[in-house]
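[1] The following comprises the amino acid sequence and a computationally predicted model.
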Amino acid sequence: MADRRARPKAGLSRERVLDAALDLVDREGVASLTMRKLGAELGVEAMTLYHHVGNKGKLLDALVGRVVRRAALGLPGGPAPSSGAEAASPAAASEGAASATRVEAVGANLGASDWTRWARAFAYRLRAELLRHPGVLPLIATRPLSSADDLDLLEEWLAALTDAGLGLGRAMDVINALATFVVGHTLAEAGRTPGERTDAPDLDDAAPDPKRFPLLAEVTATRVGLDFEARFDRTVDFILAGYRNMGED
């Protein structure tokens, strides 16, 4: 009797599987990602995918690691850039590119040994990559880096900060504080993530009664305090200044 168990398909690789999964999540959201649907995208049976990604939980973890690793490209101590970066949707790519261009400018006047230069670039690169792939935001907010390769990346980040003069405990604090802020801020900035219902209320478009809510009505009318870029800049400044002035425990 012939063995009907799914076997690896020639030409199919883990990289191709992750590329297809990320593309699917970018288009339709995490809730739409199933092994059956992903297999159909790649022209294989769902069981074939398990040879490359283990199971769905490991696939989701790999997507988080993939986006974070791309965010780390070019950082001191980060992975080297590759020529195979995937395309994002036009709108997301535009937002991500606008954010990424600021990485070259931030911290330009700081000395190379100043850890804030690395930390600032980390924050901006992470935001830019998440804006390119907003469908991954629900995952990155709930699934910490966990694979050995991802922990290698975290080890490199800690080395970059400690080599620049920051204590180990403070370095871990800075990475966690920045990552938590960036993910939360980008969730708000991206608005609806792919796959979310389109009839959900958008508070940014609300028109508060000026008699009952005069301050909120002024915010809505003037857009004061609603500039995501400016808010991001200021808050990263506050976080880094706070840790810089705090000193070591």
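    Yep, it's here.

[2] mind checking which helix or strand of the protein has the lowest mean pLDDT?
    None of the helices or strands of the chain scores lower by mean pLDDT, DSSP states H and E than helix 90-101, at a mean of 49.

[3] who touches the longest helix seen in the chain?
    Using DSSP state H, we find that the single longest helix of the chain is helix 168-190. Outside helix 168-190, the residues within contact range by CB atoms under 8 Å, 6 or more residues apart in numbering are 115, 119, 122-123, 126-127, 130-131, 134, 137, 140-141, 154, 157-158, 161-162, 166, 193, 228, 231-232, 235-236, 239-240, 243, 246, 248-249. Using the backbone N, CA and C atoms, a C-beta is placed for each residue, glycine as well.

[4] Can you list the buried residues in that helix?
    Residues 170-175, 177-179, 181-183, 185-187, 189-190 are the ones in helix 168-190 that count as buried (16 or more other CB atoms under 10 Å).

[5] ok, now stretch 152-165?
    Residues Leu153, Trp157, Leu158, Ala160, Leu161, Ala164 are the ones in stretch 152-165 that count as buried (16+ other CB under 10 Å).

[6] From the chain's centroid, how far away is that stretch?
    Remark: stretch 152-165 is offset 19 Å from the chain centroid, using CA atoms, centre = their mean, to the nearest Å.

[7] repeat for stretch 130-144
    5 Å.

[8] What is the end-to-end distance of stretch 137-153?
    This stretch, stretch 137-153, spans 19 Å end to end (CA to CA, to the nearest Å).

[9] re earlier: mean confidence score for the longest helix of the chain?
    Regarding helix 168-190, the rounded mean pLDDT is 94.

[10] and the helix or strand following that helix, how far from the chain's centre?
    Next helix or strand after helix 168-190 toward the C-terminus (DSSP states H and E): helix 214-222. Centroid separation between helix 214-222 and its chain, computed with CA atoms, centre = their mean, is 31 Å.
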